[in-house]
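In: sequence below, structure please.
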Amino acid sequence: AMDPQQRVFLECAWEALEQAGYAPGSSDQTIGIYGGASISLYLLNNIIYDNHVYAGHMTSSRESAVFGGNVPESLTTRVAYRLNLTGPAVHLSSACSTSLVAVHSACQSLLNGECEMALAGGVSYLGSQTQGYLYEEGLVLSPDGHCRSFDAQGKGTLWGNGVGLVVLKLLEDAIADGDYIHAVIRGSAVNNDGNLKVSHSAPSVDGQARAIYQAQDIADIDPATITYIETHGTGT
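Out: So this is what the prediction gives:
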């Protein structure tokens, strides 16, 4: 009855805490969870029983299980329940930026003292990676099944499946606790383009530049000291 996205997100949350050196469910620190998922295609494609599709009302334990296993709000609260996390459990969604916005929100929660540790990430499982698709001019899917990011020949992207979470703590706390530190987040920022762009789903150069400037300002660093840039590009 459960959307596979919720299952793999729970598994990844367990593994992330385990790799960070904390036994899930037994830490005495207040742990929060921030994350998001794609639409539940599992619900749309597979949850049909007794030759009926039930919607709107939960009239049986089966329907209750289906509802709880597929509504997005259950994604993070399920992790909090199963792993005994007592910090904020927040499901959020901002389309393609969901996972990074989750990380930003988790950082703010740590800075505000709402939790001592936080899990943040996202999951998207849209089905089989082996089936094809029909190309249509003007849409985001590639005409030849290849994604060429930042390439003059880029003509589209492909759908993919994935899940990822990180464990976050204040740097001073991580050092004091002897944690293995993979990276330090110096600053983060979130904004939106408004309508100054070519379409609803397109990015804006000005909007991206503002977000980068805000993050650099919060991090209090000289932009000239940045030697590596990682970014999102789908070849569209």
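
In: would you map out the domains in this protein?
Out: 4-126+161-185, 189-228 (the TED database).

In: where among the ones you listed is the average confidence lowest?
Out: Note on the domains of the chain: lowest mean pLDDT is at domain 4-126+161-185, with a mean of 88.

In: hey, which of the domains of the chain is tucked in deepest?
Out: domain 4-126+161-185 (a mean of 17; mean count of other Cβ atoms under 10 Å). C-beta: built from backbone N, CA, C; applies to glycine.

In: contact partners for the nearest residue to Gly233 once chain neighbours are set aside?
Out: Of all residues not flanking Gly233 in the chain, Ser149 sits nearest, at 4.0 Å (Cβ to Cβ, 6 or more residues apart in numbering). Shown in contact with Ser149 (Cβ atoms under 8 Å, 6 or more residues apart in numbering): 233-235.

In: just send the domains of the chain back as JSON lines, with distance to Tyr133 too.
Out: Shown next, in JSON lines, are the domains of the chain (distance: least, Cβ to Cβ, whole Å):
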{"stretch": "domain 4-126+161-185", "distance to Tyr133": "11"}
{"stretch": "domain 189-228", "distance to Tyr133": "18"}
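
In: out of those domains, which is closest to Gly132?
Out: Closest of those to Gly132 is domain 4-126+161-185, at 13.9 Å (criterion: Cβ to Cβ).

In: how long is that closest one from one end to the other?
Out: In domain 4-126+161-185, first residue to last residue: 30 Å (Cα to Cα, to the nearest Å).

In: same question, stretch 17-24
Out: Across stretch 17-24, the terminal residues are separated by 6 Å (Cα to Cα).

In: and the helices in this protein?
Out: In the chain, the segments counted as helices under DSSP state H are 4-19, 41-46, 61-70, 74-83, 98-111, 171-176, 205-219.

In: out of those, flag the one nearest Thr157.
Out: helix 98-111 (16.6 Å).

In: that closest one vs helix 205-219, what angle?
Out: Interaxial angle, helix 98-111 versus helix 205-219 (axes from the mean of the first three to the mean of the last three Cα atoms, to 10 degrees): 30 degrees.

In: one step back: filter the contacts of Ser149 to the buried ones?
Out: 234-235 (16 or more other Cβ atoms under 10 Å).

In: can you tell me which one of the contacts of Ser149 sits lowest on pLDDT?
Out: For those, the pLDDT minimum is Gly235, 70.

In: can you check the pLDDT for the closest residue to that one other than its chain neighbours?
Out: Leaving aside its sequence neighbours, Gly235 sits nearest to Gly154 (Cβ to Cβ, 6+ apart; 3.4 Å). In the predicted model, Gly154 carries a pLDDT score of 89.

In: so how far is Arg148 from Gly154?
Out: Separation of Gly154 from Arg148 (Cβ to Cβ, to the nearest Å): 4 Å.

In: Ser94 too?
Out: For Ser94, the distance to Arg148 - Cβ to Cβ - is 26 Å.

In: and if you look at Gln208?
Out: Taking Cβ to Cβ as the measure, Gln208 and Arg148 are separated by 20 Å.

In: again with Gln5
Out: From Gln5 across to Arg148, the span is 28 Å (Cβ to Cβ).

In: please apply the same query to Gln6.
Out: Gln6 is 33 Å from Arg148, by Cβ to Cβ.

In: repeat for Val163
Out: Taking Cβ to Cβ, one finds Val163 at 25 Å from Arg148.

In: ok, now Gly235?
Out: Taking Cβ to Cβ, one finds Gly235 at 5 Å from Arg148.

In: give me the common contacts of these two.
Out: 154-155.
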